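> Predicted model follows, preceded by the sequence.
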Amino acid sequence: MTVEITYHGHSCFSIRTDQAHLLIDPFLSGNQYADVSPDEINPDYILVSHAHGDHLGDALPIAKRTGAVVISNFEICNYLTDRGAITHGMHLGGERQFPFGAVKLTIAHHGSSFPDGTYGGNPCGFLLRLEGKTLYFAGDTALFYAMGLYGAEGIDVAMLPIGDNFTMGPKDVIKAVEFLQPQTAILMHYDTFDVIAQDARSVANAIAEQTHARPVLLAPGESLTA
Ligand code: NI
Ligand code: MN
C-alpha cells in the first residue's frame, strides 16, 4: 500500500496507488517543463482544479483516448461531457468515495474560465484520502483562513503554489503551511512563465526554517512516496 506522487511540471502530478493512477491538472502540451507527452500517459482518473489552460490542459484528449474519468466541478464536467469525455461532476465541499479512495473538492480563491471564454464554475482544490494517507492539492489559490480546517484533517502531503502574481507566493505559502500543518509540502506553479519565476530553493529553505513541514522540490519526472 503505497502512494507515489510524480511531478510533471507546473501543477501537474500523477498520483499512483495499487488501485489507480490519478492525473491532476494535465497541462503537458505547451508546457516546456513537462516530462511526458499527452499521448503516452494512461491515467484511470483525471482531476481538473479549474478551466484555465494551464490546468485543464490536455484533459479532454487524454480522457477521450484512454477512457479515464474526469473528476471536476459541475460546469467543467458538463463542458467535457458535451465533447465526448466520461466525467463525474462534484462541487465545493462535496466528498465522494471512489473505488480508489475519497475525493473532496476544497475552496480555491481564483478564476475558472475556459480558454474559449466559457464559464468554468468555481475553481477548487482536492483533498484526497488514499491508502490511509491524506493529500491536499491546493490548485491555484490565494491564502485563505479555512486552510486551517483542512489542516485539522491531518495532512500527510500538501501541494502548494508559490508563483505569486496569479496565486499565493513565497510569503503567503509560509502562512498556508502553518494553517495546513502537512508533514510534507511539495511546491508547484512556479517558473513555467516569466511572471511566476521564483527562487524555489529559498522558498523551500524558508519553509524548513519557519514551519514544522518538510519542503520538497520535485524535478519534472521525479517522484516522492507518501
Ligand atoms: Ni489559474
Ligand atoms: Mn495556473
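Yes, it's here. Ligands and ions are numbered 1, 2, ... in the order given.
> what sits against residue 107?
By Cβ atoms under 8 Å, 6 or more residues apart in numbering, the residues touching residue 107 are 92, 124-125, 141, 144, 146. Where you see a C-beta, it was placed from the backbone N, CA and C, and this is true even at glycine.
> Out of the residues you listed, give me the one that has the most neighbours.
The most neighbours of any of the contacts of residue 107, using other Cβ atoms under 10 Å, belong to residue 124, which has 30 neighbours.
> Who are the contact partners of that one?
Applying Cβ under 8 Å, 6+ apart, we find residue 124 in contact with 49-50, 72-73, 91-92, 105-108, 139.
> Kindly report the same for residue 6.
Per Cβ under 8 Å, 6+ apart, neighbours of residue 6: 13-16, 218, 221-223.
> now, which of those residues lie within strands?
13-16, 223 (DSSP state E).
> out of these, who has the most neighbours?
When those are compared by neighbour count (other Cβ under 10 Å), residue 15 ends up highest, at 27 neighbours.
> what's the distance between the residue nearest the centre of the chain and ligand 2?
Among the residues of the chain, residue 137 comes closest to the average C-alpha position under Cα atoms, centre = their mean, at 4.3 Å. Separation of residue 137 from ligand 2 (Cβ to the ion, to the nearest Å): 13 Å.
> For that residue, give me the backbone phi and psi.
Dihedral angles of residue 137 (phi, psi; degrees, to the nearest 10) stand at phi -110, psi 110.
> related to what we said a few turns ago, ok, of the ones in strands among the contacts of residue 6, which one's closest to residue 112?
Each of these was checked against residue 112 using Cβ to Cβ; the closest is residue 13, at 19.1 Å.
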